[in-house]
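Enquirer: Compute the structure for the input listed below.
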Amino acid sequence: MNQRMFFLDNLRAITIFGVVILHVSLCYMKFAPQWWFVVDPQQSMFFTYAVMLIDVPIMAIMFFLAGYFALPSLQKHGMSGFWAGKFKRIIIPWVLGVLFLAPPAMYMILLSRGKAPSFWEFWAGPFWTTMYSQSVFWFLGLLALFYLILSCCYNYFPSLQNPPRMSRNPSPLLSVFFIAISSGIFLGMNQFFPVDTWITDYYVIVFQPLRLFVYLLYFWLGILAWKRNWFTRQGYTPRLLPWSIVCLVSAVVYLTFKGMMHARGTELSIQLGNALSFNIFAYSTLMAGVALFKAFVNSSNDFCKSFSACSYGLYLFHSLAVYYGAYYLLGMDASPFIKAPLLLIGSTVVCWVLTVALKKVKGVSSVL
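Expert: Alright, predicted model coming up:
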């Protein structure tokens, strides 16, 4: 593991770019959530399908990669050094994001519908009561919780402190078992919550109950993958063709069941099909993505280096760029196939340039 895995850096960067694509697509999809920040009247089912598909694997991949790098970081820096780094990279952006970036994001819900009070009236009232949200920063809060769980386990399970770096190929049963467990959790929680429910009542942690423990499983799968030398030269690498086939087939099946959830979402058979196809699609996309990037995107050229280095800033800042950009484009009489690319490219470039600039500021570079 001495040699840097550029393909994992690139996979993480493209996954974050996928988050931006998701949020842009939500502005131009048909049947957008009523609470979405900006809903443009120019809409297309193309973006609806894009949202349905992109939404499934991106955060699973993010939590997997976070888990993959968490244990070696903890071993290298020790508990105090590990949390000093996470305080800079996770806690500070999380707190500042919730206090200063999430409110103007949520304000856009009212502003884009012509129902907005003054911003300060909104910040002092509705934001902390009926419209509280952490925006995209929920991921950092949940990640901090997962790091805390790992830290507690690290203290009580000595095997985590010096894990044997065995190069071991996973049994096919591992994939079956993982998908079965994650699907069971997803289906079980669906008996109590609709599939897209968000829980914001606890303020500190914001999460989707159907996905919370599934994401925790991906985090721990990442830890297991690192311990067993997955993706190294000597270790296991997923095969691209079979996992790509599973990914494509499960995507089609998932779209079918997801489309039935609105009218028949209380039927157990539909819930089961939705849960299985969701989790097969998420897992196979992760495996196919790793295989694809290791084979073809294992590069450290200047473009990849810059985009990868700025991808965290892209995640932190893109929400305001996307929502306020979409608000500005509301007055543009054009096809969503013109607006969406303009918004995607514009918001990405703005956040990229902003991150490059902020990285040159002393004290800020260590956070980004």
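Enquirer: Quick check: chain neighbours aside, which residue is closest to the residue most central in space within the chain?
Expert: Residue closest to the average C-alpha location in the chain (CA atoms, centre = their mean): Met59, at 2.9 Å. Among residues not flanking Met59 along the chain, Tyr215 sits closest, at 6.3 Å (CB to CB, 6 or more residues apart in numbering). Quick note: C-beta positions are derived from backbone N, CA and C, even for glycine.
Enquirer: what's near enough to touch the one you found?
Expert: By CB atoms under 8 Å, 6 or more residues apart in numbering, the contact list for Tyr215 reads 59-60, 63, 142, 146.
Enquirer: which one among those gets closest to Phe178?
Expert: Each of those was scored against Phe178 by CB to CB, and Ala60 proved nearest at 10.9 Å.
Enquirer: for that closest one, what are its contacts?
Expert: 214-215, 218, 282-283, 285-286.
Enquirer: likewise Ala340?
Expert: Contacts of Ala340 were listed using CB under 8 Å, 6+ apart, and they are 24-25, 27-28, 47.
Enquirer: This structure: helices as residue ranges?
Expert: Secondary structure of the chain, counting by DSSP state H: helices at 6-28, 45-54, 58-86, 92-96, 102-111, 119-124, 138-156, 172-190, 212-227, 240-264, 268-296, 302-329, 336-358.
Enquirer: now, of the ones you listed, which is deepest in the fold?
Expert: helix 6-28 (a mean of 22; mean count of other CB atoms under 10 Å).
Enquirer: Tell me how far that one lies from the chain's centre.
Expert: Mean-position distance between helix 6-28 and its chain equals 8 Å (CA atoms, centre = their mean, to the nearest Å).
Enquirer: Please apply the same query to stretch 356-367.
Expert: 23 Å.
Enquirer: which residues are in contact with it?
Expert: With CB under 8 Å, 6+ apart as the test, stretch 356-367 has contacts from 88-89, 92-93, 306, 309-310, 313, 368.
Enquirer: What ranges in the stretch 201-350 of the chain fall below the confidence cut-off?
Expert: For the stretch 201-350 of the chain, not a single residue meets the criterion pLDDT under 70.
Enquirer: my bad, should have said the stretch 1-150 of the chain
Expert: In the stretch 1-150 of the chain (pLDDT under 70), the answer is 1-3.
Enquirer: Now with 90, please.
Expert: Flagging of the stretch 1-150 of the chain using pLDDT under 90 yields the residue ranges 1-5, 34.
Enquirer: one step back: and of the contacts of stretch 356-367, the nearest to Thr237?
Expert: Checking these against Thr237 with CB to CB, the nearest one is Ala309 at 25.0 Å.
Enquirer: picking that back up, so which of the helices of the chain is nearest Thr197?
Expert: helix 172-190 (8.9 Å).
Enquirer: ok, for Phe6, nearest residue in space, not its chain neighbours?
Expert: Closest to Phe6 by CB to CB, 6+ apart is Ser300, at 4.7 Å.
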